[in-house]
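Chemist: one predicted model, sequence on top.
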Amino acid sequence: MNNHDASPLLLVEHVSKSFGGVQALRDGSFDLNRGEVLAIVGGNGAGKSTLIKVVAGAHVPDGGRIVIKGREVLRSEHSVSHMQARGIEVVYQDLALVPNMTAPYNLFLGRIPKKWGIFVDERAMREKTRDVLAKLNVTTVQDLSQPISSMSGGQQQSIAIGRAIAWGSDIVILDEPTAALGPNETAEVERLVEDVRDQHGTSFILISHNLDQVRRLADRILVTHHGVTSREFKRDEITSDRLVKAITLGE
């Protein structure tokens, strides 16, 4: 892990969110340093998904505050596009890839470059895609003309993570990144996360039910319980049994 700056890259303080009469998140607080992997774990309905969607801009919080690089996010600014502009990207479990499109087109979704303002600059897209994959040390994606649907799950996850960091993102949120992958593909995605963190200083927030994976990847582990971020552990101070107890009992 890289050395941290004095102040956190992301600061979340006492964030809350209700939907109708249901309070999904009562008190969410954490910080994230540059070049760090923070895992957020909890049972179903514990509030972790709501917390992450607030940070990503998908939900406007009812209370609390979010500070990115020392600057607070105003309520009027709270949106997905604003959070992306501030350097936060999300790779959701479904990856949000277009199956019948190639890797370059998926990498450039919403950012398609044009030549002379009319024609798609496919050469620039291919070159950028190869550059991104090279920076990620991804060697398994060779044919950029094939549709995403013909690629393996691990290759698709590599493209999704590549898209998240290709545009200068400082923070990437990974939502169950290996839930549908086999052991070899899971190991490749975990290597990718570690390489991007170590080489580019990217910070990751990891949502995962795989506690062994959490203990392998995360520098710190945050537990949500009944809508509250109840406990925080460093990787080297927690056992799987102790982590399960914190998730189920909040203590």
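Modeler: Received it, and whenever you're ready, just let me know what you need.

Chemist: OK, contacts around the closest residue in space to Ile68 that isn't next to it in sequence?
Modeler: Closest residue in space to Ile68, ignoring its immediate chain neighbours: Arg86 at 4.9 Å, by CB to CB, 6 or more residues apart in numbering. In this view, the C-beta of every residue, glycine as well, is placed from N, C-alpha and C. Listed by CB atoms under 8 Å, 6 or more residues apart in numbering, the contact set of Arg86 reads 68-69, 73.

Chemist: helix or strand right after the top helix by length along the chain?
Modeler: Longest among the helix segments of the chain by residue count, using DSSP state H, is helix 183-200. Toward the C-terminus, helix 183-200 is succeeded by strand 203-207 as the next helix or strand (DSSP states H and E).

Chemist: can you show me the CA trace of the helix or strand hosting Arg126 as PDB?
Modeler: According to DSSP H and E, Arg126 maps onto helix 122-135. Provided in PDB are the C-alpha atoms of helix 122-135 (Å, rounded to 0.1, in the frame of the first residue of the first chain):
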ATOM      1  CA  GLU A 122     -12.200   3.700 -34.100                       C
ATOM      2  CA  ARG A 123      -8.400   3.800 -34.400                       C
ATOM      3  CA  ALA A 124      -8.100   6.100 -31.400                       C
ATOM      4  CA  MET A 125     -10.500   3.900 -29.400                       C
ATOM      5  CA  ARG A 126      -8.500   0.800 -30.200                       C
ATOM      6  CA  GLU A 127      -5.200   2.500 -29.200                       C
ATOM      7  CA  LYS A 128      -6.600   3.800 -26.000                       C
ATOM      8  CA  THR A 129      -8.100   0.400 -25.100                       C
ATOM      9  CA  ARG A 130      -4.700  -1.300 -25.800                       C
ATOM     10  CA  ASP A 131      -3.000   1.300 -23.700                       C
ATOM     11  CA  VAL A 132      -5.400   0.800 -20.800                       C
ATOM     12  CA  LEU A 133      -5.100  -3.000 -20.900                       C
ATOM     13  CA  ALA A 134      -1.300  -2.700 -21.000                       C
ATOM     14  CA  LYS A 135      -1.300  -0.400 -18.000                       C
END
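
Chemist: work out the gap between it and the centre of the chain.
Modeler: Remark: helix 122-135 is offset 22 Å from the chain centroid, using CA atoms, centre = their mean, to the nearest Å.

Chemist: and the contacts of that helix?
Modeler: Everything outside helix 122-135 that qualifies as a contact, by CB under 8 Å, 6+ apart, is 103-105, 107-108, 112-113, 139, 141, 144, 158, 162, 165-166, 199-200.
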